[in-house]
Structures are given as C-alpha cells and as structure tokens.
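Undergrad: dropping the sequence and predicted coords here.
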Amino acid sequence: MLETLSAHLIRAALGLILGALLGFVARRSRFCTLGAIEDAVYARDTRRARAWLLAAGLAILGTQLLESLVGLDLGRSLYSGPTLEWGGLILGGTIFGLGMALVGTCSFGALLRLGGGDLRAFLVLLVIGLSAYMAISGVIGVVRVSVIEPLSLDLGAQRLGVLLGLDRTGHLALSLTLGVALCIAALAARDFRQSRRLLVGAVVIGGLIVAGWWTNGYAGYDAFETRTVGSFSFARPVGDTLLYVMLASGVRIDFGVASVVGVLLGSYAAARQAGEFHWEAPDDAREVKRHVLGAFLMGTGGVTALGCTIGQGLSGLSTLSVGSMLAIASILVGARAGLYYLVDRHA
C-alpha cells in the first residue's frame with residue numbers, strides 16, 4: 001500500500017501514527033524535560049531525569065544501528081552539517097530554556113497539556129508558531145541571521161566520530177559505547193528501575209525517535225528530494241502546522257505537521273483514558289503575560305538553536321552531533337536560570 005503513495009504522504013501517514021503513540025506514552029509516563037529538572041533540583045528525585053537519559057541512550061543505539069544496517073544517511077540531517085553555529089546554539093538554547101521555565105513546559109509539553117484540555121497551552125502554541133516563523137523569515141529573522149552568521153565555525157562535520165577522525169567501524173563502536181553508557185547510568189538507580197511507568201515510557205519514546213529517523217530517512221526517503229533528514233522536533237513544526245491549517249491548498253503536509261497533530265491526538269486519548277481531561281483557563285492577566293513571553297522565547301530560541309528539547313535533545317543527540325550537545329546543554333542552563341528567577345529568588 002505504501003508503494004502507491006508519494007514520499008511526503010508516507011512520511012505524513014507514519015508521522016501521524018508515531019506522533020499519536022509518542023503523545024499517548026509521554027502523557028501517561030509524565031515524560032517532561034523541565035519536570036525532570038524540577039524533580040532533581042527541588043525534590044532530589046532523579047527518576048524522570050533518568051527516564052530522559054534512558055530514552056536518549058536508546059535513541060543513540062537505535063539510530064546508529066539504523067545507519068549501519070539499513071544505510072540511513074545521517075549526513076543529510078540538520079544536525080550534521082559542516083558549519084557549527086555555536087552562537088545560535090548557545091543563545092537560542094538559553095532563550096528556549098528560559099521560555100520553557102516561564103511556561104512550565106516545553107513546546108512538546110504544551111501539546112501534551114493541550115491534549116488534556118489546557119487552554120493556556122493553546123495560547124502558548126499559537127505564540128510559539130508565530131514567533132518561530134518571525135525568527136525564520138520575519139523581522140526577527142533579519143536580526144537572527146546578522147547576529148548568528150559571524151558566530152559560526154566551519155568544522156567540516158559536526159558528528160563526534162567524524163571530528164575524532166574515526167572510520168565507520170570506529171564511529172559505530174563509539175556510538176554504541178556511549179549509548180550503552182547512558183542506559184547503564186539511567187538504570188543504576190533502583191527507584192527508577194521500580195518505576196514501571198517511567199521505565200516503559202522511556203523505552204518506547206527512545207524507540208519512537210528511532211522510528212522517526214526510519215520514517216524520514218528510509219521508508220519515506222526520496223533520493224530526488226533535497227530536504228534534510230530528521231526525526232521528531234517541536235519548534236518549527238508547530239509553526240508549520242499553523243501555516244498548513246491556514247494554507248492547506250498551497251502547503252504540502254509532511255512528517256512535522258502530521259507528528260504535531262498526532263501528538264495532540266495521542267495526548268488527548270491518554271487524558272481521556274486516565275480521566276484527566278478537563279478544560280483549564282489562565283488564572284489572571286499576570287499568568288497570561290508570563291505564558292506569552294515564555295512562548296515567544298521558545299519559538300524564537302527553538303529556531304535559533306535549530307531545535308527543542310526533543311529535536312536537539314533526543315533526535316539531535318542520537319546522531320552524536322556536538323552542535324546538539326551544545327544546544328541541549330544551553331537549554332538546560334537557560335531552564336535552570338529561569339527556575340531560579342521564578343522560584344529560588346523568592347524562597
């Protein structure tokens with residue numbers, strides 16, 4: 001059946017299915033990057049952080065094996081280009097992290113919240129989508145390009161194994177070693193191993209990141225297309241979804257838009273199944289202001305950093321891109337700074 005569809009429709013169909021699974025599992029397992037930071041810092045509970053590490057480790061293992069066994073071309077990914085835009089990765093990542101703290105979740109988490117009936121998340125996603133396109137080709141984009149272009153470094157490649165001069169075998173060995181190390185580190189804590197929902201959620205999410213790569217780089221791959229290859233990300237795709245909703249007749253649906261819709265549907269199903277669906281609205285104007293500002297920072301920062309906590313954090317890390325490592329480190333720093341501003345200084 002898939003052979004009768006064009007490549008972009010194959011990617012869209014699989015993106016919808018995989019996105020729905022991702023949304024369902026992430027909501028049921030409470031998978032959240034900011035939540036993991038908050039638990040670790042304020043409750044000394046590292047279980048959600050370990051779930052994130054396990055998902056990342058499995059994503060690395062699966063993605064690298066895909067490249068080795070089925071010929072997935074990670075060199076065509078957004079994260080493997082020759083130019084390291086270190087200024088954009090640091091600045092954008094930090095801004096995204098600050099916005100994430102102000103909102104209380106990332107762009108992916110906002111989709112999960114909207115699936116549960118949170119109207120604040122609806123507002124957040126609208127602003128993320130608008131600000132993302134402002135940063136791509138709008139007024140912010142002009143400033144972004146002029147500031148970021150000088151803060152770049154031509155490395156020839158961004159993948160760790162290539163930078164270390166390793167051949168294919170050496171790169172695979174390094175990738176598998178790092179992936180296994182992350183999994184072992186995550187599973188070292190007994191309380192996490194006993195948290196069945198977190199454990200299963202992390203395993204499934206790591207596998208879905210790999211499935212996203214397989215969809216875009218193998219099942220829905222078209223050698224005549226010039227598009228980059230990727231997996232899940234929820235910064236620019238939120239803006240792409242808004243654009244598709246408005247201009248469906250002139251915009252081609254693809255993996256990104258379909259996966260956004262899929263996550264929303266999956267989180268809605270999870271909320272309904274758990275009896276957690278209920279409409280929520282902002283408490284006051286102050287809360288609206290904080291959410292709008294945080295969403296604007298996430299949309300701008302996500303485009304500048306070339307991804308979000310999922311895009312750079314799981315999809316990007318699975319390629320062992322040093323740019324992704326720099327981006328996710330900056331997101332974590334920005335999120336911690338934002339939490340300090342919101343929580344610690346008032347304690």
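TA: Right, received. Where do you want to start? Numbers count the residues shown, from 1 in each chain.

Undergrad: and Ser68, how close does it get to Leu242?
TA: Per C-beta to C-beta, to the nearest Å, Ser68 is found 37 Å from Leu242. Where C-beta positions appear, they are placed from N, C-alpha and C, glycine not excepted.

Undergrad: which one of the two is surrounded by more residues?
TA: Leu242 (19 against 15; other C-beta atoms under 10 Å).

Undergrad: pretty sure that one sits against Val127.
TA: No - counting by C-beta atoms under 8 Å, Leu242 stays clear of Val127, with 10.4 Å between them.

Undergrad: can you pull the phi/psi pair for the residue nearest the centre of the chain?
TA: Nearest residue to the geometric centre of the chain (C-alpha atoms, centre = their mean): Ile310, 1.6 Å. Per-residue torsions, Ile310: phi -90, psi -50 (degrees, to the nearest 10).

Undergrad: got the contact list for it?
TA: Neighbour list for Ile310: Cys106, Phe108, Phe232, Ser233, Phe234 [criterion: C-beta atoms under 8 Å, 6 or more residues apart in numbering].

Undergrad: could you find the closest non-adjacent residue to Ile128?
TA: Leaving out its chain neighbours, the residue that sits closest to Ile128 by C-beta to C-beta, 6 or more residues apart in numbering is Gly299, at 4.1 Å.

Undergrad: what is the burial count for the one you found?
TA: Other residues within reach of Gly299, judged by other C-beta under 10 Å, total 33.

Undergrad: so for the host helix or strand of it, what's the average pLDDT?
TA: According to DSSP states H and E, Gly299 maps onto helix 285-304. Across helix 285-304, the average pLDDT comes to 96.

Undergrad: what's the neighbour count on Ile90?
TA: 19.

Undergrad: do Arg190 as well
TA: 8.

Undergrad: and the nearest residue to Gly311 once chain neighbours are set aside, what pLDDT?
TA: Spatial nearest neighbour of Gly311, excluding adjacent residues (C-beta to C-beta, 6+ apart): Ser233 at 2.8 Å. Model confidence at Ser233, given as pLDDT, is 96.

Undergrad: need the three-state assignment for Ser233.
TA: coil (DSSP: H, G, I helix; E, B strand; the rest coil).

Undergrad: over to it: give its phi and psi.
TA: Here is the backbone geometry of Ser233 (degrees, to the nearest 10): phi -160, psi 150.

Undergrad: which residues touch Val204?
TA: Val204 neighbours (C-beta under 8 Å, 6+ apart): Leu21, Val25, Ser29.

Undergrad: how close does the last one get to Arg44?
TA: Think Ser29. Taking C-beta to C-beta as the measure, Ser29 falls 20 Å from Arg44.

Undergrad: neighbour count winner among those two?
TA: Taking neighbours as other C-beta under 10 Å, Ser29 and Arg44 compare with Ser29 leading, 23 against 7.

Undergrad: please identify the helix or strand for the nearest residue to the more buried one once chain neighbours are set aside.
TA: Counting by C-beta to C-beta, 6+ apart, Ser29 lies nearest to Gly201, which is 2.5 Å off, once chain neighbours are set aside. For Gly201, the host element (DSSP H and E) is helix 196-214.

Undergrad: contacts for the helix or strand following that helix?
TA: Sequence order places helix 236-246 as the next helix or strand after helix 196-214, per DSSP H and E. The contact list for helix 236-246 (C-beta under 8 Å, 6+ apart) reads 107, 111, 125-126, 128-130, 132-133, 136, 251, 253-254, 256-257, 259-261, 299, 302-303.

Undergrad: ok, now how distant is the nearest residue to Arg336 once chain neighbours are set aside from Leu339?
TA: Spatial nearest neighbour of Arg336, chain neighbours left out: Ile37 (6.6 Å); criterion: C-beta to C-beta, 6+ apart. Ile37 is 7 Å from Leu339, where distance means C-beta to C-beta.

Undergrad: filter the contacts of helix 236-246 down to the ones in helices?
TA: Per DSSP state H, helices hold the following members of the contacts of helix 236-246: 107, 111, 125-126, 128-130, 132-133, 136, 256-257, 259-261, 299, 302-303.

Undergrad: in stretch 252-262, which residues are buried?
TA: Neighbour counts over stretch 252-262 (16 or more other C-beta atoms under 10 Å) mark Ile253, Asp254, Phe255, Gly256, Val257, Ala258, Ser259, Val260, Val261, Gly262 as buried.
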